[in-house]
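**Student:** coords please:
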Amino acid sequence: MNLESQLEKISQFKNLELLANQIVEGFISGMHKSPFHGFSAEFAEHKIYNQGESTKHIDWKLFAKTDRLYTKKYEEETNLRCHLIIDNSSSMHYPKLKDNQLFSESKIGFSVLASAVLMNLLKKQRDAIGVSVYSDTYEYYASEKGSERHHRMILNQFENILNFPKESKKTDTVTFLHQIAEKVHRRSMIVLFTDMFIGEDNEKLFKALQHLKHNKHKVVLFHVYDGKTELNFNFDNTPRKFIDVETGEEVNLFAENMKESYEKIVKNYFENISNTCSAYKIKYVPVSVDENFEKIITTYLVEKQKFG
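**Tutor:** Presented below is the predicted three-dimensional model:
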């Protein structure tokens, strides 16, 4: 995809920041809000959220129970620090987009927009945000800050990721997670977007994720994938050449002959990751690029509530 075409896709929404804000505002305004009946002691310190108020004190755990928005009346100010990590290896730039597709329909586009959405929420709640981007090198690092200039700098980096994809970049997730763990000193929520194509055994990956938790950080892993072809292997039954975008390795096959066994292996792989994350107390959220961003926002808000 050429740069001009990619820029046109972003300019449909004027810029990444505006699109992220539209998603957040749509999420907030779309929530069901109605008077709460059956008041009990459990909710005595809450009041109904009114649109336009700060979202900082919304009780997201209560929302998960009642599907209604309430704010805590006397909640003390708490400032969160959040560090977003984006895997920018070549496999994340799959699927290759056609000219009529939005940038967010690739794994990297989805991850960048999801990160911009989370940054919008953090900004609204006056929380500090940091970012790391890696592939086969540690491409970008910004420590946790909350200034407008800092947000602009990160948004510019996000757009650079979309505008200047590099080919044949392998993933060195384990090495850079260890490095990031050494950089993030103060207790933070750490959110990782990756497709889990790491090229190493999972034990090393989970040791690196465990390292991220060493300062009592909360770790949230968004496993980003293309549901149509990476999970369900939906290809027509014509001879196809499959190419590893990171190594260049090629294999020729009929997709239909492999569909059943492939999907079984992938299902087991997802389950194994989920079970291991649960054992390590890491929040694991698989998310396909064809889903909306509600799962991303809700996960973040509920985990933040627990983190506080």
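**Student:** now do the helices in this protein.
**Tutor:** 3-11, 16-30, 60-66, 107-124, 148-163, 173-183, 202-212, 255-279, 294-307 (DSSP state H).
**Student:** in a markdown table: those helices, plus distance to Asp236.
**Tutor:** The C-beta positions use only the backbone N, C-alpha and C, and glycine is treated the same way. Shown next, in a markdown table, are these (distance: least, CB to CB, whole Å):
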| stretch | distance to Asp236 |
| --- | --- |
| helix 3-11 | 26 |
| helix 16-30 | 33 |
| helix 60-66 | 41 |
| helix 107-124 | 22 |
| helix 148-163 | 29 |
| helix 173-183 | 33 |
| helix 202-212 | 32 |
| helix 255-279 | 7 |
| helix 294-307 | 30 |
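**Student:** surely Ser29 meets Gly52?
**Tutor:** No. Using CB atoms under 8 Å, Ser29 is not in contact with Gly52, being 9.8 Å away.
**Student:** which of the two has more residues huddled nearby?
**Tutor:** Ser29 (10 against 7; other CB atoms under 10 Å).
**Student:** contact partners for that one?
**Tutor:** Gln51 (CB atoms under 8 Å, 6 or more residues apart in numbering).
**Student:** please renumber so the chain begins at 13
**Tutor:** I'll keep to 13 as the first residue from here, and by that count the last item is Ser41.
**Student:** give me the nearest residue to Ala76, chain neighbours excluded.
**Tutor:** Nearest residue to Ala76, sequence neighbours excluded (CB to CB, 6 or more residues apart in numbering): Val314, at 6.0 Å.
**Student:** you'd agree that neighbour is up against Trp72?
**Tutor:** Yes. Under the criterion of CB under 8 Å, Val314 makes contact with Trp72 at 5.0 Å.
**Student:** hmm, back to that, and the helices of the chain, which one averages the lowest pLDDT?
**Tutor:** Comparing mean pLDDT across the helices of the chain, the lowest value falls on helix 15-23: a mean of 51.
**Student:** so how far is Glu315 from Ile277?
**Tutor:** 30 Å (CB to CB, to the nearest Å).
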